[in-house]
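Engineer: with the sequence up front, the predicted model follows.
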Number of protein chains: 2
Amino acid sequence: MGLAKTEMFTDQQNEIALFAKVFGHPARVAILQHLFKINACVCGDLVNQIGLAQPTISQHLKELKHLGLIKGNVEGTSVCYCIHTENWSKMKNVMLQFLDQDIQNTDCC
Amino acid sequence: MGLAKTEMFTDQQNEIALFAKVFGHPARVAILQHLFKINACVCGDLVNQIGLAQPTISQHLKELKHLGLIKGNVEGTSVCYCIHTENWSKMKNVMLQFLDQDIQNTDCC
DNA sequence: AATATTAATCGTAATATTGCAATGAACAAA
DNA sequence: TTTGTTCATTGCAATATTACGATTAATATT
């Protein structure tokens, strides 16, 4: 059914999955890396940088914005995007808690 | 269309996306968390724990195994799964490098 | 050998994602 | 006001993902 049964998982598990999902496409990884590097970027520049069509970039930006990881500021006819540092930190904590799990004992198999 | 254009991104970006994608479903997050907690687990136990049907769990396990994040050992009629600690560490380094990016300057927008 | 147990695989239905052409909306410049 | 620029939205085609019933494969148990 192409549909995750979210109701059978904890809020934490669903949150981790949501964040991970948005990183699950190389275009969004590239967009975020570029925003970190340049610190702020107009949508059109991203289209040139990444090489996908404008509607496609716009859609990826929408998803990143929806999760709160980036901010967009209208400046005339263009829109300036940048990392939402506070939310990025919060997300990082959630993901680190998941990634940093440690096994206490030796390998089993 | 429904297909990521991986050829236009760096290997690193594609690798990050691949790892993130596998974490992008709460069932796989739950499976991994359970394996960390219990350290080793027979497939049937995961089916009981998670609450999805056996073929579904088996499919999720396959994806985790394919990325090398877990190992599976046949023990009689059952299969014992556990975290592949070495590969988990490698994956963690890749993801941390991405998550730990820092902005040098102030917010722009 | 016959039966039971466990997990993988196959096949399929339902839904989601990706990508872009076409269009629309908002603003700036002439 | 007309034209151009920039970005969002719509609509659609192609592909991927999720879930599970049915079946198969492998090994135990009787």
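Structural biologist: Great, that's in hand.
Engineer: all contacts plus neighbour counts: C-alpha atoms, from now on.
Structural biologist: Noted.
Engineer: list, one by one, the residues from chain A near DNA strand C.
Structural biologist: Within chain A, the positions near DNA strand C by CA under 7 Å from any atom of the strand are A:M1, A:G2, A:L3, A:G24, A:H25, A:A27, A:L52, A:A53, A:P55, A:T56, A:G76, A:T77.
Engineer: scan the residues you listed and report the most crowded one.
Structural biologist: Most neighbours among the residues of chain A next to DNA strand C, by other CA atoms under 10 Å in any protein chain shown: A:A27, with 26 neighbours.
Engineer: can you tell me which helix or strand of chain A has the lowest average pLDDT?
Structural biologist: strand A:41-42 (a mean of 91; mean pLDDT, DSSP states H and E).
Engineer: any part of the helix or strand that comes right after that strand near DNA strand D?
Structural biologist: Using DSSP states H and E, the helix or strand that follows strand A:41-42 in sequence is helix A:43-50. Yes: against DNA strand D, helix A:43-50 shows contacts by CA under 7 Å from any atom of the strand at A:C43, A:G44, A:D45.
Engineer: what packs against helix A:43-50?
Structural biologist: Applying 3 or more CA pairs under 8 Å, 6 or more residues apart in numbering or on different chains; DSSP states H and E, one finds that helix A:43-50 contacts helix A:26-38, helix A:54-66, strand A:78-83.
Engineer: quick one: buried residues of the shortest one?
Structural biologist: When neighbours are counted by 16 or more other CA atoms under 10 Å in any protein chain shown, the buried residues of strand A:78-83 are found to be A:V79, A:C80, A:Y81, A:C82, A:I83.
Engineer: who's in contact with that strand?
Structural biologist: Strand A:78-83 has contacts (CA atoms under 8 Å, 6 or more residues apart in numbering or on different chains) with A:32, A:35-36, A:39-44, A:69-74, B:107-109.
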